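K.L.:
I need the structure of the sequence given here:
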Amino acid sequence: MHHNPYLNRVAIKDPRHFFGRTKEIAKIFSRIGASRPQSISVVGERRIGKSSLLYFINNPEVRARFVDKPESYAFAFIDLQQKRRLTLSEFFKELFSLLAKETGDRSLTRLEPTFDSLRDVLESFRRDGRKLVVLFDEFDAITANRAFDLEFYSFLRSVANNYDVAYVTSSARDLQELCHTQLIADSPFFNIFTNVFLRAFTRGEALDLITIPSAEAGLSLEGYSRRILETGGYFPYFLQIACSGYFDHLSESNKLVREEVDATFLDEAKGQFRFIWDHMNDGSRGAIREFIQTGSVGKEHEHVYEDLKRAGYFIEEDRGPRVFSSLFASVVSRPRIITTELRETDRAAMAVHDGRTEKVAAPPLIEPEGHIGRFDIVRSLGSGGMGDIFEGRDTDLQRVVAIKVLASKHVEDETMKQRFLREARMASQLNHPNIATIYEIGEAAGNPYIVMEYVEGETLSDRLGNGPLDLKEIVEIGLQTAEALAEAHERQVVHRDIKSANIMITPRGKVKVLDFGLAKPLPAVSRGSKTRLTESGVLLGTVSYMSPEQATGRGEVTHLSDIFSLGVVLYEVTTGRLPFEGDTYFQTIGAISKRAHPPLKRYRKDAPSALVAVIDRLLKKSPADRYQSAADVAQDLKSVVC
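P.N.:
All right, here's what the predicted structure looks like:
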């Protein structure tokens, strides 16, 4: 009797039993192993293998294969799956206990469970040349936990910026979508992460899972690979179930009855099939149902088909496309059921399919036909500011566009609608090669949308993931951004949220300033009047990039605030760090308003004195002491020699 190697249904902790994820592993270790470790957010649906991946990364033998000088790293794996009521004190105790085990220093278990104690540990790590990597499995247990407030996230960001610290998190959705308050969701902490999305295996990875364990167990399934792939698709969880069924049936009898093996598979897989189907959005369900009935997907579902293919629910083979599992049709005819009593992890996984969490019914972001007016929806590009962003195609002008639709959680909020449309009105006044162009403003199914220029490239924030930039590139980016701001200010428009994440760099090196979502006209009243920054008690903008008058709300916000924010960006791209930081939100505001920024040459000794002088003047606390126009900034940057 052969031992079935496919019986495990929980996280795989032994690296010898881990298969696939070659690209994802390489990407994660390239970030962890950088000269300054970078943080990673692993995002994927439930049962896709997130926990197994984190266990694999945490294994000492695996680390030794992927990082230089593994002895200079300390890893701490915090499993949060069963700790959804964790307190801050318990978190620190567990972290110190894990670090004591990792380093052999038992004195760490006696530390007070506080921010200061962790900072002391990191100071000792710095002296020893040691880097810290903290792995959080099911990090949404933290983001949804009210015991962890804004101060916690501000602290984590601060230590990541000031020490060799990186975080690797796993969650069913983007972390910000799972936060228990909007203030936390807007925290700069979440800007330090690079997303790694876990989807279905590649075909090669799926075949390895089918053939290698079975051959090692003495009963090869290689001859049944095609049938197993038809049953389980490329999803590791369903492949495990399918392989297990085939292995057991072949062990018991030399004659394999396909119907019996399929019945065994459905006994175990049907519940997950139903979960997937019940929580897909209407567009995805329509595309799959149409394909099962007709063997093809109509034009109205083409963009949905591409998203489903990317996720692994459609597979394209030599014989043509197919639904990932030949047995998935068994759940398609069922009436849709939305479960009201769900675990937090189920709510998170459910939202991957149709954006639902606490509210089961949400207004559609786009029309069911897959288009908005004359614009065909091609794919989702993610979320930004107050809305969701899609790649679209203008069917009249035959060009690619970006379409920003107000997020579903805001469609009933008239104030948010007005702020969303204000972005369009402000930006539509501007016509400049360094500003993303607005083409059209409209409304579909009660939701406002903005059609704008589709900009290819990467954000300056993403570019910074590889460390400080080349000096010539810094000057050129600063020059183009200053010229964009000069145009906006000439039109009496203040951006109010200049930051590295809102500056796009095209493949040809051209700057595009994005997201005038917080833009406002320059006040027409006297210079002595006060323009407050708060609306409904919320500070507008990203705090680390705010000017003193913007952060405190005590002064008039004019174009001089944008000029200060440009100084923050230039300091950041030159040194790789922000000029003003604190362990908490309010400490950061205090640093911006009261403390001088660290001398730039402390972190970038080769910076030209002329560039340093420009940045220092941009960052003056008093608006009167700064450059008085973005055009003047551009002029001085032109004279910087690198």
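K.L.:
burial of the residue nearest to Ser225 when sequence neighbours are not counted, as a residue count?
P.N.:
Of all residues not flanking Ser225 in the chain, Ile210 sits nearest, at 5.1 Å (Cβ to Cβ, 6 or more residues apart in numbering). All C-beta atoms are positioned from the backbone trio N, CA, C, and that covers glycine. Close neighbours of Ile210, defined as other Cβ atoms under 10 Å, add up to 26.
K.L.:
How about Ala624?
P.N.:
With other Cβ under 10 Å as criterion, Ala624 counts 8.
K.L.:
Same check on Asn502?
P.N.:
What Asn502 shows, counting by other Cβ under 10 Å, is a neighbour count of 26.
K.L.:
What of Asp396?
P.N.:
Count around Asp396 with other Cβ under 10 Å applied: 9.
K.L.:
Ser51 now?
P.N.:
Around Ser51 there are 20 residues (other Cβ under 10 Å).
K.L.:
Leu86 now?
P.N.:
Neighbours around Leu86, by other Cβ under 10 Å: 17.
K.L.:
Test my guess that it contacts Asp79.
P.N.:
No - with contact defined as Cβ atoms under 8 Å, Leu86 does not reach Asp79; the gap is 10.8 Å.
K.L.:
quick one, strands of the stretch 1-150 of the chain?
P.N.:
Counting by DSSP state E, counting those that start in this stretch, the stretch 1-150 of the chain has strands at residues 39-43, 73-79, 131-137.
K.L.:
Output these as JSON lines; include the columns distance to Asp116 and mean neighbour count.
P.N.:
Formatted as JSON lines, the strands of the stretch 1-150 of the chain follow (distance: least, Cβ to Cβ, whole Å; neighbours: other Cβ atoms under 10 Å):
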{"stretch": "strand 39-43", "distance to Asp116": "22", "mean neighbour count": "24"}
{"stretch": "strand 73-79", "distance to Asp116": "18", "mean neighbour count": "19"}
{"stretch": "strand 131-137", "distance to Asp116": "16", "mean neighbour count": "24"}
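K.L.:
can I get those strands in CSV with distance to Ser461 and mean pLDDT?
P.N.:
Listed next are these as CSV, based on distance: least, Cβ to Cβ, whole Å; pLDDT from 0 to 100:
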stretch, distance to Ser461, mean pLDDT
strand 39-43, 13, 95
strand 73-79, 25, 96
strand 131-137, 21, 97
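K.L.:
so which of the ones you listed comes closest to Thr109?
P.N.:
When those are ranked by proximity to Thr109, the top entry is strand 73-79, at 13.1 Å, counting by Cβ to Cβ.
K.L.:
returning to that earlier point: can you say which of the strands of the stretch 1-150 of the chain is nearest to Asp632?
P.N.:
Here strand 39-43 is closest among those (Cβ to Cβ), at 37.1 Å.
K.L.:
With just CA atoms, put the closest one into CSV.
P.N.:
The C-alpha trace of strand 39-43 is given here as CSV (Å, rounded to 0.1, in the frame of the first residue of the first chain):
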residue,chain,number,x,y,z
SER,A,39,8.5,45.3,2.5
ILE,A,40,6.1,42.9,0.6
SER,A,41,2.4,42.4,0.8
VAL,A,42,1.3,38.9,-0.4
VAL,A,43,-2.3,39.1,-1.6
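K.L.:
contacting residues around it?
P.N.:
Contacting residues not belonging to strand 39-43 are listed as 24, 27-28, 31-32, 50, 53-54, 139, 160, 166-175, 192-198 [Cβ atoms under 8 Å, 6 or more residues apart in numbering].
K.L.:
For the spatially closest residue to Ser325 that is not a sequence neighbour, give its distance to Ile288.
P.N.:
The shortest distance from Ser325 to any residue other than its chain neighbours is 5.0 Å, reached at Gly233 (Cβ to Cβ, 6+ apart). As for Gly233, its distance to Ile288 is 13 Å (criterion: Cβ to Cβ, to the nearest Å).
K.L.:
Perfect, I'm done here.
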